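> quick one: sequence and predicted model below, then my questions.
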Amino acid sequence: MKFTSIPEAYSSFRDPLPYTVDGEGVTGDIEIVVSDATSGEQLGTKRLYNSAGGTVDIAPVVRSAVRYRLPEAVARCGVVDTGAQIKVAVTANGTAAPVRNFIAARVDLGALYTLLEAQSEQRTLAADEYDLISFFSMPDAVSDVVVEAYGESYGFMTLTPPSGGQRCVAVTPQGFAEVPQRLKVTIRIDGEAVSTIDYTVIENPSTARRMAWLDEQCAVEMYTFPVSCEMTVTAARRRCYTAQGRETVSVERDASLRLVSAYEPRAQLAALSEIIVSPRVWMVRGSVGEEVDIMTDTLMTAGCGALGSVAVTVRKRGKEVRL
């Protein structure tokens, strides 16, 4: 038994991942076992019955095992795992194929580096908020991220993600000697700056709500909508008749909230519009993210000229959850 072809490393698991096996002249049942190479957990199996070989696509098995997530807590800048990469081991009747890393993003594997961000490189951030920056790099490229803090004093830190793949770093004003007035984040490949994102540290209004969602590359984007308004609360009561008459036996509460962006350039509005087609959306309070549903099916830009705004409506997923 041998593998005659396997997918290229860092292929997207949102595309087919075909593995072709050859029984080397022996006909019989072939069991393909897909496992998480890091944890050893078996993710799934596929079988070829009474066969001398064939091709199976393991992408559905891998996709079902992936769990996208936000970091549990961000007290300072650091490397985080959003679940967008998985290391996979595949065997056919005990014969092992080379271990492969697969990622969510669809990138040009001929490029050493790809920034997986759709939003503007000029951003705002409150002192208690964090942002996530995702990028892809090949394993033969040395990548690091330099975060510089400017204010009454200067501070910096260098983050070094693991080599290769779809990586993510969390950026926050916290963790420095004092809260900075602005942050400058520089991603370097082999010592050369390839991307720069600047943050102005601001104080949010009380109506602000910070949102996170998966963009078209399944990288987490974050943005603070400064205005939340028009909360709608719906109560569903279940009643029954007793000897004393009609009584309410249970009440279910549902709530939705309308969020409005700041006036932004058209390119930024296009990036924000991805929230309504995202498979996962969170509302973030401090370092805690809670998943919500998007009720908006169509986005229309308010305003005219070079700047505009967008509005989306979100709804809680659990009962009695404040928005």
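Thanks, I have it.
> just want the most central residue of this protein.
Val220 (3.2 Å; CA atoms, centre = their mean).
> mind listing what's buried in the host helix or strand of Ser35?
Element membership of Ser35 [criterion: DSSP states H and E] is strand 28-36. Neighbour counts using 16 or more other CB atoms under 10 Å place 30, 32-35 of strand 28-36 among the buried residues. (C-beta placed from N, C-alpha, C; glycine too.)
> next one: stretch 161-169
Buried-residue list, stretch 161-169, by 16+ other CB under 10 Å: 161, 164-169.
> most widely separated two among those residues?
Gly164 and Val169 (14.9 Å; CB to CB).
> wait, Phe102 sits on Phe13?
Yes: contact criterion CB atoms under 8 Å: Phe102 and Phe13 qualify, at 4.4 Å.
> shared neighbours, those two?
62, 86 (CB atoms under 8 Å, 6 or more residues apart in numbering).
> Ala65 contacts Asp36, doesn't it?
Yes: judged on CB under 8 Å, Ala65 makes contact with Asp36 at a distance of 6.8 Å.
> tell me the residues that contact both of the two, please.
Contacts common to Ala65 and Asp36, judged by CB under 8 Å, 6+ apart, are 43, 86.
> what average pLDDT does the strand holding Ser35 get?
The predicted model assigns strand 28-36 a mean pLDDT of 96.
> what lines up beside that strand in the sheet?
Here strand 28-36 is paired, per DSSP bridges, with strand 42-51 (antiparallel), strand 85-92 (antiparallel).
> just those: most buried one?
Ranked by mean neighbour count, the strands paired with strand 28-36 are led by strand 85-92 with a mean of 21 (mean count of other CB atoms under 10 Å).
> quickly list what Leu48 is bridged to.
Here Leu48, judged by DSSP bridges, has bridge partners Ile30.
> how close does Val33 sit to Ala52?
19 Å (CB to CB, to the nearest Å).
> can you flag which of the buried residues of stretch 161-169 belong to strands?
With DSSP state E as the criterion, strands contain 165-169 from among those.
> just checking, Val142 touches Ile189?
Yes: applying CB under 8 Å, one finds Val142 in contact with Ile189, separated by 7.1 Å.
> rewinding a little: redo the strands paired with strand 28-36 as JSON lines? Include distance to Lys316 and mean pLDDT.
Shown next, in JSON lines, are the strands paired with strand 28-36 (distance: least, CB to CB, whole Å; pLDDT from 0 to 100):
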{"stretch": "strand 42-51", "distance to Lys316": "32", "mean pLDDT": "95"}
{"stretch": "strand 85-92", "distance to Lys316": "30", "mean pLDDT": "97"}
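> closest one to Val21 among the ones you listed?
Judging those by CB to CB, what sits closest to Val21 is strand 85-92, at 4.5 Å.
> tell me the helix or strand right after that closest one.
Heading C-terminal from strand 85-92 (DSSP H and E), you reach strand 95-96.
> which helices and strands does the very next helix or strand once past that next one pack with?
Per DSSP H and E, the first helix or strand lying C-terminal to strand 95-96 is strand 100-103. Where contact means 3 or more CB pairs under 8 Å, 6 or more residues apart in numbering; DSSP states H and E, strand 100-103 is packed against strand 85-92, strand 165-171.
> pairing partners for the last one, with directions?
Take DSSP bridges as the rule and strand 165-171 pairs in its sheet with strand 78-80 (antiparallel), strand 131-137 (antiparallel).
> so where's the chain uncertain?
230-239, 243-245, 248-254, 301-305, 317-323 (pLDDT under 70).
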